[in-house]
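**Student:** dropping a prediction and its sequence here:
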Number of protein chains: 2
Amino acid sequence: MTDLDIARAYEPATIDKIASKLDIKEEDLEFYGKYKAKLPLHIAKEAKQGKLILVSAISPTPAGEGKTTMSIGLHDALCKLKKRSLAVLREPSLGPVFGIKGGATGGGHAQVVPMEDINLHFTGDFSAIESAHNLLSALIDNHLHFNQSPQIDPRSVLWKRAMDLNDRALRHINVGLGGRSHGMPRETGFDITAASEIMAILCMALDLNDLKKRLGNILVAYTFDRKPVFARDLKAEGAMAALLKDAIKPNLVQSLEGNPVLMHGGPFANIAQGTNTIIATQTGLRLADYVVTEAGFGFDLGGEKFLDLKCRAAALAPEVVVLVATVRALKYHGEQPLAELQTENVDALRKGMCNLEKHLENVKQFGLPAVVVVNRFPTDTEAEIAAVIEECEKLGVRAVTSTAWANGGEGSVDLAKAVLETIDEAENDFSFLYNLDLPVEKKIEKIATQFYGAAKVSFTSTARRDLKRIQELGMDDAPICIAKTQKSLSDDPTLKGRPKDFNFQVRGIEIAAGAGFVIPLSGEIMRMPGLPKAPAAQNIDIDKDGNISGLF
Amino acid sequence: MTDLDIARAYEPATIDKIASKLDIKEEDLEFYGKYKAKLPLHIAKEAKQGKLILVSAISPTPAGEGKTTMSIGLHDALCKLKKRSLAVLREPSLGPVFGIKGGATGGGHAQVVPMEDINLHFTGDFSAIESAHNLLSALIDNHLHFNQSPQIDPRSVLWKRAMDLNDRALRHINVGLGGRSHGMPRETGFDITAASEIMAILCMALDLNDLKKRLGNILVAYTFDRKPVFARDLKAEGAMAALLKDAIKPNLVQSLEGNPVLMHGGPFANIAQGTNTIIATQTGLRLADYVVTEAGFGFDLGGEKFLDLKCRAAALAPEVVVLVATVRALKYHGEQPLAELQTENVDALRKGMCNLEKHLENVKQFGLPAVVVVNRFPTDTEAEIAAVIEECEKLGVRAVTSTAWANGGEGSVDLAKAVLETIDEAENDFSFLYNLDLPVEKKIEKIATQFYGAAKVSFTSTARRDLKRIQELGMDDAPICIAKTQKSLSDDPTLKGRPKDFNFQVRGIEIAAGAGFVIPLSGEIMRMPGLPKAPAAQNIDIDKDGNISGLF
């Protein structure tokens, strides 16, 4: 049975029924078909405050460790325990759906539905973000075409275009060809929409005014005499914000077990903050007593950014961090070859625990309590599971297993109980990893050494130049959003386990002045994926009655 | 007062109230917010059949003659006369909204609302079309990248990319630059989404199966040995159709007077068929007794295509053609300079009647009765209006004036009565202009000479080569969708009035194998507009409560 088959076996309730579970007023529901709705912005500003549960993970294998599935399962389990719970998650990107990864709505019996809609077009948020992004691009090229003031150096344009597809041929392009009526020739490219700064901005925005201000602050280019040009200089932010008028509202959907789920925003976790919108999280905290949310990739990437960027910007504080581990990922970090991850190997597993150990230490650096959940796979052996639990006991952390994929909420009841007890009993002394008043250079060094475990940090000459530019722009007090591989705690994707004595190299620093952070780049960061040789798109179909197949 | 100000003064009913006027079942409504809904496909297949009223126009001035405003006004007037009427219209493109033209939801007191939504993102149809279009592009470039079979000649790729913005810098681009991991370098470009063949296909499709078949039939490229490669050869049509699963459903909105309006699809009228989807028209004819619809630009362009392409494909037949004329356009065709069109000039007006005369003859060639409506502007003088009516009497056609812009349905009651009487009384002997079994060359000649009034037709060597290719592809029985200027009955935009003795030159013929027609190109056809020096986008804004300004 595929995820789609499993999802079809459940009969979803209409979305007004789901909304009534959270006492959302009927007049506050904007329906998008029968099973999706948008919620108004005013809910996020109300006074009530639920408890926030952050789901993160150890450094993942290429297949991912099932963070979304664990988040949905935990939420369904909390609902089973009669808690007023809500899961607040990211929306999936269209690109990977047609590539290799498939959808991003959980798996097995822990899914969000309607999965076909959510994975394909949903409520149009990504499209609106793409339009707003490309409108700014068109205004920039139009400005160049008419040689308007301030006079932009066409070689200096930082702002590319965006498309929500995996399309490698658009990574590096020349535009404005064909003669003087067709714009200014220059080099540029497309990023996937999830990598757009507009996506990062939408997810950081506190309300419409804040959104517009951030859009105006986007650094798009420089003049010939190296003065910065912002989106506001092109009077772009009003129309961009107008395009985002619906995209800024959170989307209400449901889990297979009929529990409410908000899905809103989907920035990449390597080059952006990797978590849903602030508005959706705040809306969730007003509506529910417990909000389960996740942050992309491992705790080193999405987790750190969730806490240092998002929680700081929105005055949020989680009660507990759930770290998802899998037997296969632990063995992977214990140097078991990728092709043999389904074979029992307790020694490799124990060896790979060092990765989990470092993530747990990192959670402690934020003053937060942690619970480890082992996402069970059919190939896991009892000996392996026993070994993880035993090793976690040695590390002094509570660890439980979950079978949410196979059993939905029922499979995560142990996890839910552990989480609730931890919230009630464990110490929580949340603080940020760094203070904003440290210079950008020092903030990067702190994250790289203290959090990733680097022995030292080096900056290329480009990165040094960027540091200088950040100072000139008055952004030395900006928070940091490091772009690095998710495959390792270090900046080298081949280093598994708990790398030590490595040099963390910063090869450049991008300035997301609209999102309000700077992005130090380490290693090669992919902003526009490519399709595989046999794209998933070729198996997707729809019949005459509108039933979709081939989504997984 | 701007159109937006006027629209805001009306209190719209929720869309379920509007739907109940047509006895649409509540379970058939898919809400998109409170004021928009999608209707299911099964309605189009039901048995009931209303009467179709086609609104077209004389050759327009650059500002357009208010066809949409006249269509909405006529519809509102029919409702005032207690007729069960429905207007079925095109959706506006986002590009012009940010350029110079503003929205496309009618004007004054004859508008469709919610105009901000409709003009900005509406229900996501254009976005879905864009995604489907660009997914095919990505699959083509991926096929080239992996050098898969059939081996496509990268120089032969016909399929470009699409974006719903005015962005001249994307007209001519090079993609696949940056080295061998980033695709195959080649020349290509972007068209605006309204010019995409996917848009044409969606508007020609009879149902989901037909849609998928047409998507598979898209001719995308040739192999090195000049064999055609279709979208189905890349297994693209299933995923493309899946992306269009909601876009294929008609959108229900309302006029300012609270009468139901369907808006669905928006292909260009110069290079495509210029009219809403067949599915929306058929849905309308099942729901209402009278369906008012329009076709883009003048009767020579949108009108001919509506009848020869759309009515033929869907077995539709209009009862009457309403030709929209304006005093300013008639003076324009009488050689009054553009800058002086607001100055009274009865002589110029009488001289310009020859343009209307030819369009009326063309309506007769289809065996259809016509009514002329003069869309009144505040600057029209009584002498001018009297002259139009008098000249129309001489031509033996019924002519009335309309003040729908100023007075809504009340301003079009005379028109509605004239239309109803014409439907009841006038002869209707509808037949197509040409038979499909004529070769493409002869069909083009027939349209150009008999319909446009050309003395002769010439084909460039490129066009001759294209004719040969059409024969090789077995498409010589395809209908014709001529791409030509809307500014003149001829192919020369500077020839006003009723051009004679001109040579109509075909410089190439595109093959829209998916849409099911061929597109002879005459003159320069713009598929990707540019923004003006001061784009409308720079005046658009949204306040903290979500109120939009600057849309007009």
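**Tutor:** Looks like it came in fine. Just so you know, these numbers come straight off a predicted model, no measurement behind them.
**Student:** give me the below-cutoff pLDDT ranges for the stretch 101-250 of chain A.
**Tutor:** Counting by pLDDT under 70, the ranges of the stretch 101-250 of chain A that qualify are A:101-103.
**Student:** tell me the residue of the stretch 301-450 of chain A that sits nearest chain B?
**Tutor:** residue A:314 (17.7 Å; C-beta to the nearest C-beta). No exception for glycine: its C-beta is placed from N, CA and C like everyone else's.
**Student:** the spatially closest residue to residue A:84 that is not a sequence neighbour and chain B: what is the separation?
**Tutor:** Counting by C-beta to C-beta, 6 or more residues apart in numbering or on different chains, residue A:289 is the residue found nearest to residue A:84 once chain neighbours are left out, at 4.4 Å. Using C-beta to the nearest C-beta, to the nearest Å, residue A:289 is found at 29 Å from chain B.
**Student:** wait, isn't residue A:289 in contact with residue A:49?
**Tutor:** No. Using C-beta atoms under 8 Å, residue A:289 is not in contact with residue A:49, being 9.5 Å away.
**Student:** mind checking pLDDT for residue A:1?
**Tutor:** Reading off the confidence values, residue A:1 has pLDDT 82.
**Student:** backbone dihedrals for residue A:186, please?
**Tutor:** Main-chain torsions, residue A:186, degrees, to the nearest 10: phi -160, psi 160.
**Student:** what number of residues lie near it?
**Tutor:** 19 (other C-beta atoms under 10 Å in any protein chain shown).
**Student:** and it, what does it touch?
**Tutor:** Shown in contact with residue A:186 (C-beta atoms under 8 Å, 6 or more residues apart in numbering or on different chains): A:144, A:154, A:155, A:157, A:174, A:175, A:176.
**Student:** wait, the second one touches residue A:144, no?
**Tutor:** Yes. Residue A:154 is in contact with residue A:144 according to C-beta under 8 Å; the separation is 5.4 Å.
**Student:** just confirm residue A:261 is within a helix.
**Tutor:** No. Looking at residue A:261 with DSSP: H, G, I helix; E, B strand; the rest coil, it is strand, so not inside a helix.
**Student:** mind listing the residues bridging to it?
**Tutor:** Counting by DSSP bridges, residue A:261 is bridged to residue A:87, residue A:253.
**Student:** pLDDT wise, what is it at?
**Tutor:** Taking residue A:261 on its own, its pLDDT is 98.
**Student:** which helix or which strand is home to the residue in the stretch 351-500 of chain A that chain B sits nearest to?
**Tutor:** When distances are taken as C-beta to the nearest C-beta, the stretch 351-500 of chain A reaches nearest to chain B at residue A:493, 16.1 Å away. Element membership for residue A:493, per DSSP states H and E: none, as it lies in no helix or strand.
**Student:** tell me who's in contact with it.
**Tutor:** A:485, A:487, A:523.
**Student:** try it again with 10 Å
**Tutor:** A:59, A:62, A:484, A:485, A:486, A:487, A:523, A:524 (C-beta atoms under 10 Å, 6 or more residues apart in numbering or on different chains).
**Student:** among the residues you listed, who's most crowded?
**Tutor:** Result: residue A:59 is most packed of the contacts of residue A:493 (other C-beta under 10 Å), 30 neighbours.
**Student:** ok, that one touching residue A:358?
**Tutor:** Yes. Using C-beta atoms under 10 Å, residue A:59 is in contact with residue A:358, at 8.8 Å.
**Student:** what residues are shared contacts of those two?
**Tutor:** Contacts common to residue A:59 and residue A:358, judged by C-beta under 10 Å, 6+ apart, are A:298, A:299, A:300, A:333, A:489, A:497, A:498, A:499.
**Student:** just those residues: which are in helices?
**Tutor:** Counting by DSSP state H, those place residue A:333 in helices.
**Student:** related to what we said a few turns ago, the residue of the stretch 301-450 of chain A closest to chain B and residue A:276 touch, don't they?
**Tutor:** No. Judged on C-beta under 10 Å, residue A:314 makes no contact with residue A:276 at a distance of 11.5 Å.
**Student:** so for these two, which residue has more residues nearby?
**Tutor:** Taking neighbours as other C-beta under 10 Å, residue A:314 and residue A:276 compare with residue A:276 leading, 28 against 18.
**Student:** and the gap between that one and residue A:164?
**Tutor:** Applying C-beta to C-beta, to the nearest Å, the value for residue A:276 to residue A:164 is 17 Å.
**Student:** ok, now residue A:308?
**Tutor:** Here the criterion is C-beta to C-beta. By it, residue A:308 lies 27 Å from residue A:164.
**Student:** can you pick out the residue with more neighbours from these two?
**Tutor:** Remark: of residue A:308 and residue A:164, residue A:164 carries more neighbours, 27 against 23, as counted by other C-beta under 10 Å.
**Student:** and that one, its phi and psi?
**Tutor:** Torsion angles, degrees, to the nearest 10, at residue A:164: phi -90, psi 60.
**Student:** ok, which stretches of the stretch 1-150 of chain A are strands?
**Tutor:** Remark: strands assigned in the stretch 1-150 of chain A by DSSP state E, counting those that start in this stretch are A:30-31, A:37-38, A:51-57, A:85-89, A:106-107, A:110-113.
**Student:** just name the most buried of these.
**Tutor:** When those are scored by mean count of other C-beta atoms under 10 Å in any protein chain shown, the highest mean neighbour count falls to strand A:85-89 (a mean of 30).
**Student:** give me the mean pLDDT for it.
**Tutor:** pLDDT averaged over strand A:85-89 gives 98.
**Student:** quick one: list the elements packing against it.
**Tutor:** Applying 3 or more C-beta pairs under 10 Å, 6 or more residues apart in numbering or on different chains; DSSP states H and E, one finds that strand A:85-89 makes contact with strand A:51-57, helix A:67-80, strand A:110-113, strand A:251-255, strand A:260-263, helix A:278-287, strand A:290-294.
**Student:** out of these, which comes closest to residue A:323?
**Tutor:** strand A:51-57 (5.8 Å; C-beta to C-beta).
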